[in-house]
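[1] Sequence and predicted structure are below.
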Amino acid sequence: EVQLVESGGGLVQAGGSLRLSCAASGFTFDDYAIGWFRQAPGKEREGVSCISGSDDSAIYANSVKGRFTFSRDNAKNTLYLQMNSLNPEDTAVYYCAKDGVVAGMYDYWGQGTQVTVSS
């Protein structure tokens with residue numbers, strides 16, 4: 001059974017940092033890209049970052065580029081999203097998701113972790 005479990009969310013002041021984790025199981029970890037998404041209240045879900053399964057290269061949304069870093073530890077089947085210089089616009093529920101057989105069609109999602117940035 002494929003599972004993705006996020007952790008590490010919380011309340012932080014503007015300018016602060018958080019590191020989110022996504023523990024994955026039930027599939028060959030480095031065969032698939034993994035994405036981080038977020039959804040703020042009243043807003044559509046937004047893609048934050050995606051990391052390749054093959055070479056660990058990552059891409060980022062313009063809104064987080066230079067502040068967020070996505071990494072993966074294949075030995076631990078865990079992914080990390082290091083978030084620095086947080087601002088209130090980063091407040092959202094953050095989800096990790098596994099890419100499917102068709103690239104860009106994410107087929108499994110975690111339950112999400114809340115990130116709240118106070119001003």
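    Nice, I can see it.
[2] what residue lies at the spatial centre of this protein?
    Using Cα atoms, centre = their mean, the residue of the chain that lies closest to the mean C-alpha position is residue 36, 2.8 Å off.
[3] Chain neighbours aside, what residue packs nearest to that residue?
    Ranked by Cβ to Cβ, 6 or more residues apart in numbering and with sequence neighbours excluded, the top spatial neighbour of residue 36 is residue 48, at 4.4 Å. The way it works is simple: take the backbone N, C-alpha and C, and place the C-beta from them, glycine included.
[4] next one: residue 9
    Spatial nearest neighbour of residue 9, excluding adjacent residues (Cβ to Cβ, 6+ apart): residue 113 at 3.4 Å.
[5] pLDDT below threshold where in the chain?
    Nowhere does the chain drop to pLDDT under 70.
[6] quick one, strands of it?
    With DSSP state E applied, the chain shows strands at 3-7, 10-13, 18-25, 34-39, 46-51, 58-60, 68-73, 78-83, 92-99, 106-109, 113-118, listed in chain order.
[7] list the buried ones in the third one?
    So the one you mean is strand 18-25. The neighbour-count check on strand 18-25 (16 or more other Cβ atoms under 10 Å) flags 18, 20-22, 24 as buried.
[8] Same question for the second one.
    Within strand 10-13, the residues that count as buried by 16+ other Cβ under 10 Å are residue 12.
[9] Check the last one too.
    Of the residues in strand 113-118, those with enough neighbours to count as buried (16+ other Cβ under 10 Å) are 113, 115, 117.
[10] for the fourth one, same thing?
    Residues 34-38 are the ones in strand 34-39 that count as buried (16+ other Cβ under 10 Å).
[11] No more questions from me, cheers.
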